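Engineer: pasted the sequence and its predicted model underneath.
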Amino acid sequence: MKKIKVMTVFGTRPEAIKMAPIIYSLQQRPDRFETIVTVTGQHKEMLAQVMAAFNLSADYNLQVMQQNQTLSDITASVLQKLEKLLQQVKPDIVLVHGDTTTTFAASLATYYEKIPLAHVEAGLRTWNKYSPFPEEMNRQLTDVLSDLYFAPTKKSRENLLSQNVSAEKIFITGNTAIDALKQTVSQEYHHQTLTQITPGQKLILLTMHRRENLGKPMKDVFAAINQVMQQDSQVEVIYPVHLNPKVQSVAREAFSNNSRVHLVDPLDVVDFHNLCARSYFIMTDSGGVQEEAPALGKPVLVLRDTTERPEGVSAGTLKLVGTKKSSVIAAMQELLTENSTTYQAMAKAVNPYGDGHAAERIIAAIEYYFKQRQQKPVDWIG
Ligand code: UD1
Ligand code: UDP
């Protein structure tokens, strides 16, 4: 049987984390697949961290990252560099993940070469094109260009169907984030940052980086955290600060006088997942963290006005709080209250996002697409 030549293309931290289980599974089957790993390098250090943690190496690196890059910089650079590579390598299929500008630009470049395109984590929607920006349009445009759709949940499948994607092309796989999580969290884990936290304190893990939150929304959230912490001496925060200079400057200024907020460099994914598992609750505007935290039974205050991950809200783990100072203060205080029933209700471990076997289903679906398997793989029923 002819090997299927699969090229994965990704460029940022979250794409790498969620593509890693697929690459691993493909590489386990060298008789069936030729696996080519292309990174755009939209992220540099933060991508390198994930590659090292999952022992991944890139066959090609387009090295597009620039300090303070604009969306057009990334798009143009990926398009031009990937065109040449696709013409040279001629993969049978290209896999992209999620909703970054790498995802969209790589999808467009693949379409221009008339190569089949598969979208991992297809069908997530807020239906608001500026929230998150530009991710909502990145994923919608990618879904317009795709030939195969790996929808993580029933809801994401429904979203695709509502945009007239043929049911035959959609596979409900679960999210590969859960596959990754199964590899990282361990009871024995210990991290140096944890020694900085006074025993008995309530640890909040914070991340914030979205483009639409840069500036005032971020300042308001940080002011809310400082205010709550002034009134509650039992709280400590670990904040791994994204390397974007526009995030770094606001974070360092906001927390310069608060010694109970520990600003650290972006954490290795193993460190990050294990700190999530040891936190009291999480505050974030991240997409991926909204998938991981429910599996770990950690309440999440989502620092955004919309979410494309409504499953976690329905399950009760995620609360959409926005970025208004008064809303953030109220939500934090509610979770910090002694014997909070809200806390108890949110801290139940549920997992609407997968069973840890998403990568296997994705690989089976690729075989099915290339007629190397007769039966359509069975959908994951969450
Ligand atoms: C990107 C994605 C976003 C995703 C996020 C994950 C787009 C438009 N945005 O946003 O969807 O949630 O990644 O973290 O695709 N930088 C470094 N080193 C790094 C990474 C970033 O120095 O390893 C700095 C650079 O100055 C860069 C800036 O951060 O210009 C912003 O990076 P960029 O990829 O444009 O945006 P993110 O906010 O990371
Ligand atoms: N993450 C990490 N180190 C950190 C912060 C986050 O490894 O310091 C992981 C996190 O577990 C999740 C992913 O990065 O899997 C989320 O990435 P990010 O928040 O940058 O992007 P998003 O998911 O919002 O697109």
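Structural biologist: Yep, that arrived. Ligands and ions are numbered 1, 2, ... in the order given.
Engineer: now the phi/psi pair for the residue in the stretch 1-150 of the chain that ligand 2 sits nearest to, please.
Structural biologist: The stretch 1-150 of the chain approaches ligand 2 most closely through P14 (3.7 Å), counting by Cβ to the nearest ligand atom. Where you see a C-beta, it was placed from the backbone N, CA and C, and this is true even at glycine. The phi/psi pair for P14 (degrees, to the nearest 10) reads phi -70, psi -30.
Engineer: neighbouring contacts of whichever helix or strand A251 is part of?
Structural biologist: Taking DSSP states H and E as the definition, one finds A251 inside helix 245-254. Under the criterion Cβ atoms under 8 Å, 6 or more residues apart in numbering, residues 67-68, 208-209, 214-215, 218-219, 222-223, 226, 239, 241-242, 263 lie in contact with helix 245-254.
Engineer: returning to what we had before: contacting residues for the residue of the stretch 1-150 of the chain closest to ligand 2?
Structural biologist: Shown in contact with P14 (Cβ under 8 Å, 6+ apart): G98, T100, S286, G287, G288.
Engineer: of the residues you listed, closest to V165?
Structural biologist: Of all those, V165 sits closest to G98, with 17.0 Å by Cβ to Cβ.
Engineer: what sits up against the worst-scoring helix or strand of the chain on mean pLDDT?
Structural biologist: Least confident helix or strand of the chain, by mean pLDDT, DSSP states H and E, is helix 192-195 with a mean of 74. With contacts defined as Cβ under 8 Å, 6+ apart, helix 192-195 is touched by I238, H262, V264, L267, D271, L275, R278.
Engineer: beta partners for the third one?
Structural biologist: Right, V264. For V264, the beta-bridge partners are P240 (DSSP bridges).
Engineer: what about it, how many neighbours?
Structural biologist: Neighbourhood size, V264 [other Cβ atoms under 10 Å]: 15.
Engineer: I figured it hits Y239, correct?
Structural biologist: Yes - using Cβ atoms under 8 Å, V264 is in contact with Y239, at 7.1 Å.
Engineer: can you tell me how far the residue of the stretch 1-150 of the chain closest to ligand 2 sits from L86?
Structural biologist: Distance, P14 to L86, by Cβ to Cβ, to the nearest Å: 23 Å.
Engineer: ok, now I381?
Structural biologist: 36 Å.
Engineer: so which bits of the stretch 201-350 of the chain are right by ligand 2?
Structural biologist: Within the stretch 201-350 of the chain, the positions near ligand 2 by Cβ under 6 Å from any ligand atom are 207, 209, 240, 266-267, 269, 272-273, 286-289, 292.
Engineer: by neighbour count, which of the residues you listed wins?
Structural biologist: E292 leads those on contacts (other Cβ under 10 Å) with 29 neighbours.
Engineer: that one contacts N274, correct?
Structural biologist: No - applying Cβ under 8 Å, one finds E292 not in contact with N274, separated by 11.3 Å.
Engineer: re earlier: okay, and which of the residues of the stretch 201-350 of the chain next to ligand 2 map to strands?
Structural biologist: Secondary structure from DSSP state E places T207, P240 of those in strands.
Engineer: so which of the residues of the stretch 201-350 of the chain next to ligand 2 also contact ligand 1?
Structural biologist: Okay, of these touching ligand 1 (Cβ under 6 Å from any ligand atom), that's H209.
Engineer: can I get the residues of the stretch 201-350 of the chain next to ligand 2 in CSV with distance to A109 and pLDDT?
Structural biologist: Formatted as CSV, these follow (distance: Cβ to Cβ, whole Å; pLDDT from 0 to 100):
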residue, distance to A109, pLDDT
T207, 30, 98
H209, 26, 98
P240, 32, 97
P266, 28, 97
L267, 32, 94
V269, 27, 94
F272, 31, 94
H273, 32, 93
S286, 27, 98
G287, 23, 97
G288, 24, 97
V289, 29, 97
E292, 30, 95
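Engineer: around ligand 1, pick out the residues from the stretch 101-250 of the chain.
Structural biologist: For the stretch 101-250 of the chain, the contact set with ligand 1 under Cβ under 6 Å from any ligand atom comprises T101, P134, E135, H209, R211, L243, N244, P245.
Engineer: for ChimeraX, write a command that selects the buried ones of the residues you listed.
Structural biologist: In ChimeraX, this line selects whichever of these come out buried by 16 or more other Cβ atoms under 10 Å:
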select :101,134,135,209,243,244
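Engineer: and the furthest pair within the residues of the stretch 101-250 of the chain next to ligand 1?
Structural biologist: E135 and P245 (20.4 Å).
Engineer: with adjacent residues omitted, what lies nearest to M229?
Structural biologist: Residue nearest to M229 in three dimensions, not counting chain neighbours: V235, with 5.2 Å by Cβ to Cβ, 6 or more residues apart in numbering.
Engineer: what's the pLDDT at that neighbour?
Structural biologist: V235 carries a pLDDT value of 97.
Engineer: before we move on, what about P199?
Structural biologist: Per the predicted model, pLDDT is 81 at P199.
Engineer: go ahead and confirm D220 touches G322.
Structural biologist: No - between D220 and G322 there is no contact under Cβ under 8 Å: 9.5 Å.
Engineer: overlap in contacts of these two?
Structural biologist: Joint contacts of D220 and G322 (Cβ under 8 Å, 6+ apart) are V328.
Engineer: give me the nearest residue to I170, chain neighbours excluded.
Structural biologist: Excluding the flanking residues, the one nearest I170 by Cβ to Cβ, 6+ apart is Y149, at 4.6 Å.
Engineer: packing partners for the particular helix or strand that has that neighbour in it?
Structural biologist: According to DSSP H and E, Y149 maps onto strand 148-151. Counting contacts by 3 or more Cβ pairs under 8 Å, 6 or more residues apart in numbering; DSSP states H and E, strand 148-151 packs against strand 117-120, helix 154-162, strand 170-172, helix 358-369.
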